[in-house]
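Asks: what follows is a predicted structure for the sequence shown.
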Amino acid sequence: MKVSQKNDLKELLKREDIIIEYLQEAAKIGTWEYDTINQKVTWGQITTKIHERPLGYQPTLEEGILYYREGLSRDTITRVFNNALENDEEFDEELEIVTAKNNIRWIRTIGVPVFKNNKCVKVYGLFQDIHEKNKAVEEKLIKQQQFKSTFDHSAIGMALVGIDGSWLQVNNSLLKMLGYTRKELLQMTFQDITHPHDLNKDVRLLSSTIKGERATYQMEKRYFHKDGSIIWALLSVSLVRNEDGKPLHFISQIVNISEVKEAEKNMNKLLEISQDQNTRLLNFANIVSHNLRSHGGNLKMLLDIIETDKPELVRDEMFPMLQSAVKNLNETIGHLNDAALLKIKTIESLEPVNVYTTVNKEISSINAWAHKANAIITNTIKKDLHVMGVPAYIDSLFFNLLSNAIKYRHPDRDPIITISSKVKKKEVEICVEDNGLGIDLELHGDRLFGMYKTFHKHKDAKGIGLYITKNQVEAMNGTIKVESAVGKGTKFLIYLSCEKN
Amino acid sequence: MKKIDIACIVDDDPIFVFGAKRIMELSNFCKGFMVFNNGRDALDSLSPLVISGENIPDVILLDLNMPIMDGWQFLDEFIKIKTNKKIVIYIVSSSIDPADTEKAKQYQNVSNFIVKPITVDNLKAILKEITEDNT
């Protein structure tokens, strides 16, 4: 053999070493050896690495054993290693070690004893890091365990249901809910205990889930308790398929909602009662509207007749009192009417209303009064601004706010009233601002829009205008706000929705 | 001012009838009255008069809520009778229901909707309307 050839071969061997090392590294397989005669342990590079020791480290046999985790792993390795030494038996175990850096890792250790003259001279073996693989298996086990414990101990009813509807597994909560023993229920299908009115829907949803049209479904349904009573339940079902997509079974979660249903029934009953009361209130309003007005009207008429017909009675000091009493009575009836008729109109009857022209109309209707008070009223609303509302309500809104502004003017200065608007997305903010007396909002804020609340010692203060205004604005799906400072003035802000599109 | 010959009041409320008559007398509204307490009585008595063309009232003040036959029912029947004479009908009611006011507008013969109580001023306005129409 030529020198060059020799060298080539050496090279090749070297390379093979490298390849094997490379393969070992990739598979995380290391080697080890125990020489019984010299009592010497030899770890391969990978084995040393798995133990997280620096290269070149060689333990004694006892030290090697001590790397195995105390308990099952260490006991097992001790047993199988002794067995190899004494009885010439190979071993192959998956165990846990604690590395030099205190990490717990799953490893596979394989040992092969070598016997000479009935005496063990050597044990060699492989050492593989299988931590990732085992961890995955372990996690799966934990998950299964978790599912089982969720299933068993869940407060809601849970079941695995076969494709044919038979109960495969049921938990205690479900048994308790339905009143059956496990043995009884497992012999039945869900169809057996489903209320006939809910069965079709359930079966339809189930088959559409099997067909893959939906992944899960949820429905409210009735089951029959073993004692025959009805259990209202919220059922949530999901389908489990195998790797090929074949349906295996359903997982059903069943929550008892009988109490909720009962509460719902009570609520509906209450709703009925309040609707009934509402109708009666409306009737009452109609009675007020018609009968009281008739009587009040008659009184007024009779007084008018007496006034022209019987002048001698008019001279009596009680006559003006009677007149005033009747006038007040009729006014109160009028207010009652206004309040009762509110909100009968619904949002459906809203129509676009031009704000600018409405404001102008109301300004001219209080013109004489405004003139007398030296009021300056400015309408800065854009001419084409429309809001969705009831024309009569918008009329009355501005009439009330404008007449309030004049009524409650400051004694030391002429009233200046400004009506302006801002468009905010789908909403219009309309502002009616005056420089009048102002309202103490800290004191009256929450009662400002209440019925028969007055905040000024003004002779015309009736306390009905703002109540009606607020209700009218709300009937048009809007809101009204007030900002005010005593002695400085008041600012009413009305928010209504813009014209459609 | 032209005076109305006969004014007709259809109302079941005796106080209103008394008052309305008195106010009409005081304001010299008309020469004579006809009073009916419900729509049925009014229809039974007025129909032959309208057909014969004699003693037809110039104006009818009609209440809405009445027993036996209410104001609407009366109106529906009354407008079926053909006549050449113009009879002015005013609805005089305590109702402030917008639905009633709207409904009243659908009848050509109904001139106006007066919300009770009736006053001397109301009557003067009515008289003015009728006399102006006739000239």
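Replies: Received, thanks. Since this is a predicted model, take the numbers as computed values, not measurements. Numbers count the residues shown, from 1 in each chain, chains lettered A, B, ... in the order given.

Asks: below-threshold pLDDT in the stretch 351-500 of chain A: ranges please.
Replies: A:445-446, A:450-464, A:499-500 (pLDDT under 70).

Asks: so where do the helices sit in it?
Replies: Secondary structure of the stretch 351-500 of chain A (DSSP state H, counting those that start in this stretch): helices located at A:355-365, A:367-372, A:391-407, A:441-444, A:465-475.

Asks: to residue A:378, which of these lies closest?
Replies: The minimum distance between residue A:378 and the helices of the stretch 351-500 of chain A falls on helix A:355-365, with 9.4 Å, by Cβ to Cβ. No exception for glycine: its C-beta is placed from N, CA and C like everyone else's.

Asks: now do the closest one against helix A:391-407, angle only.
Replies: Our comparison of helix A:355-365 with helix A:391-407, counting by axes from the mean of the first three to the mean of the last three Cα atoms, to 10 degrees, yields an angle of 50 degrees.

Asks: where does chain A dip in pLDDT?
Replies: Within chain A, the stretches with pLDDT under 70 are A:1-17, A:19-21, A:23-25, A:286, A:289, A:339-348, A:445-446, A:450-464, A:499-501.

Asks: how distant is the helix or strand bottoming out on mean pLDDT in chain B from the center of its chain?
Replies: The element with the least model confidence among the helices and strands of chain B, by mean pLDDT, DSSP states H and E, is helix B:120-134, at a mean of 75. Using Cα atoms, centre = their mean, to the nearest Å, we find the averaged C-alpha position of helix B:120-134 to lie 13 Å away from the chain's own average C-alpha position.

Asks: excluding chain neighbours, what is closest to residue 115?
Replies: If you meant another chain, say so; for now it's chain A. Taking Cβ to Cβ, 6 or more residues apart in numbering or on different chains, and ignoring the residues beside it in sequence, residue A:115 has residue A:88 as its nearest neighbour in space, at 5.1 Å.

Asks: my question was about chain B
Replies: Nearest non-adjacent residue to residue B:115 (Cβ to Cβ, 6+ apart): residue B:96, at 5.9 Å.

Asks: now the phi/psi pair for the one you found, please.
Replies: Comment: the main-chain dihedrals of residue B:96 come out as phi -120, psi 20, following degrees, to the nearest 10.

Asks: what's the local residue count around the closest residue to chain B within the stretch 251-400 of chain A?
Replies: Using Cβ to the nearest Cβ, the closest approach of the stretch 251-400 of chain A to chain B is made by residue A:297 at 3.4 Å. For residue A:297, the count of nearby residues is 25 (other Cβ atoms under 10 Å in any protein chain shown).

Asks: for it, list the residues it contacts.
Replies: If you count contacts by Cβ atoms under 8 Å, 6 or more residues apart in numbering or on different chains, residue A:297 has them with A:330, B:16, B:94, B:116, B:117, B:118.

Asks: the second one contacts residue A:300, doesn't it?
Replies: It refers to residue B:16. No. Between residue B:16 and residue A:300 there is no contact, the gap being 11.3 Å when judged by Cβ atoms under 8 Å.

Asks: between these two, which is the more surrounded one?
Replies: Shown here are residue B:16 and residue A:300; by other Cβ under 10 Å, residue B:16 has more neighbours (23 against 20).
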